[in-house]
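Asker: Structure for the following, please:
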Amino acid sequence: MCVYVSSVDARSQVVLSAYNDVGRDLATEGLRPLAAINCYDWTDVCQLANVSTYPLLRVYRPHADYVTYSGFLSKAALYAAVKLYVYQSFWHLNYIWT
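Answerer: I've put the predicted structure just below:
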């Protein structure tokens, strides 16, 4: 999951704070799936990603298109989103019943 923010945008800073808290919580679980890009400093990267509003959260998966997260931006909601979007395989089927 990647969050695109602008260092001059107050809403971006609030979301980035919650995002960092989620990152620290996931790090204690041994997971590091988060990235943040400051579009004020990395204008070319954000332009290539077609980002023009802030904050913007996207989930990038191998061999798939990205998904734009449009849910709540609280710490609890972001934590749940990371678990759902990034780590989707909660169920492992050991047997197939016929």
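
Asker: Show me which positions of the longest helix seen in the chain end up buried.
Answerer: If you go by DSSP state H, the chain has its longest helix at helix 10-28. Judged by neighbour count using 16 or more other Cβ atoms under 10 Å, the buried positions of helix 10-28 are 12, 15-16, 18-19, 22-23, 26. For glycine as for every other residue, the C-beta is placed from the backbone atoms N, C-alpha and C.

Asker: Same question for stretch 72-88.
Answerer: Residues of stretch 72-88 classed as buried: 73, 75, 78-79, 81-83, 85 (neighbour count, 16+ other Cβ under 10 Å).

Asker: Which of these sits closest to Thr53?
Answerer: Closest to Thr53 out of the buried residues of stretch 72-88 is Leu73 (13.0 Å), distances taken as Cβ to Cβ.

Asker: before we move on, the earlier item: and the buried residues of stretch 72-88 as TSV, adding distance to His63, secondary structure and pLDDT?
Answerer: Compiled in TSV, these are given as follows (distance: Cβ to Cβ, whole Å; DSSP: H, G, I helix; E, B strand; the rest coil; pLDDT from 0 to 100):
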residue	distance to His63	secondary structure	pLDDT
Leu73	28	coil	89
Lys75	30	helix	91
Leu78	24	helix	89
Tyr79	25	helix	89
Ala81	21	helix	86
Val82	20	helix	83
Lys83	21	helix	82
Tyr85	15	helix	76
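
Asker: and of the residues you listed, the nearest to Ala36?
Answerer: Closest to Ala36, out of all of those and judged by Cβ to Cβ, is Leu78, at 11.9 Å.

Asker: Give me the pLDDT for the closest residue to that closest one other than its chain neighbours.
Answerer: Nearest residue to Leu78 in three dimensions, chain neighbours excluded: Val22, at 4.8 Å (Cβ to Cβ, 6 or more residues apart in numbering). pLDDT recorded at Val22 is 91.

Asker: Thanks a lot, see you next time.
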